[in-house]
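S.K.: A predicted structure for the sequence below; I have some questions about it.
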Amino acid sequence: QVQLQESGPGLVKPSQTLSLTCTVSGGSITTKYYHWGWIRQPPGKGLEWMGVITYEGINIYSPSLKSRTSISRDTSKNHVSLRLSSVTPEDTAVYYCNAALTLLKTTNYWGQGTQVTVSS
């Protein structure tokens, strides 16, 4: 069973870069057909998909966030990282790490989420 744990600063100042790490256990991030992604939920709003990195290391980003988002991986540490640049208070949200395995169907695994507040 794949388990995900997000970590990173809970407070980021406007214009700075938000950096989060998702540590994966119970499976390798290079295992076939997994997509490792980030999804966020601003207060009072729905879930927003930000992007993924595939088991092959290919990135796919949300068009609305693509210019500010970078998702990378460290296979030696088995973790996936998110960087979101030039943050504003509108980037305040709970950020979730997600693993999606697609075979005949898609199975999703979620981290518990981490609150990030953008404020001076």
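M.R.: Nice, I can see it.
S.K.: Which strand residues bridge residue 35?
M.R.: residue 54, residue 100 (DSSP bridges).
S.K.: Distance of it relative to residue 63?
M.R.: According to CB to CB, to the nearest Å, residue 35 and residue 63 sit 17 Å apart. C-beta here means a position set from N, CA and C on the backbone, and glycine is covered the same way.
S.K.: More neighbours: the two, which one.
M.R.: residue 35 (19 against 7; other CB atoms under 10 Å).
S.K.: shouldn't the more buried one be in contact with residue 49?
M.R.: No - counting by CB atoms under 8 Å, residue 35 does not reach residue 49; the two are 10.9 Å apart.
S.K.: what about stretch 95-110, start to end distance?
M.R.: 11 Å (CA to CA, to the nearest Å).
S.K.: Pull out the buried positions in it.
M.R.: For stretch 95-110, the neighbour count (16 or more other CB atoms under 10 Å) marks 95-99, 101, 109 as buried.
S.K.: got it, and stretch 25-37?
M.R.: Neighbour counts over stretch 25-37 (16+ other CB under 10 Å) mark 27, 29, 34-37 as buried.
S.K.: and the next element down the chain from the worst-scoring helix or strand of the chain on mean pLDDT?
M.R.: Using mean pLDDT, DSSP states H and E, strand 106-110 stands out as the lowest-scoring helix or strand of the chain, at a mean of 94. Helices and strands here follow DSSP states H and E; after strand 106-110, the next one along the chain is strand 114-118.
S.K.: can you pull out the strands in the chain?
M.R.: 3-7, 11-12, 18-25, 34-41, 48-54, 59-61, 69-74, 79-84, 93-102, 106-110, 114-118 (DSSP state E).
S.K.: ok, now which ones touch the residue positioned nearest the centre of the chain?
M.R.: Nearest to the geometric centre of the chain sits residue 38, at 2.4 Å (CA atoms, centre = their mean). Going by CB atoms under 8 Å, 6 or more residues apart in numbering, residue 38 touches 20, 22, 50-52, 71, 82, 95-98.
S.K.: Then residue 13?
M.R.: Here residue 13 is in contact with 118-120 (criterion: CB under 8 Å, 6+ apart).
S.K.: Are any of those buried, and if so which?
M.R.: residue 118.
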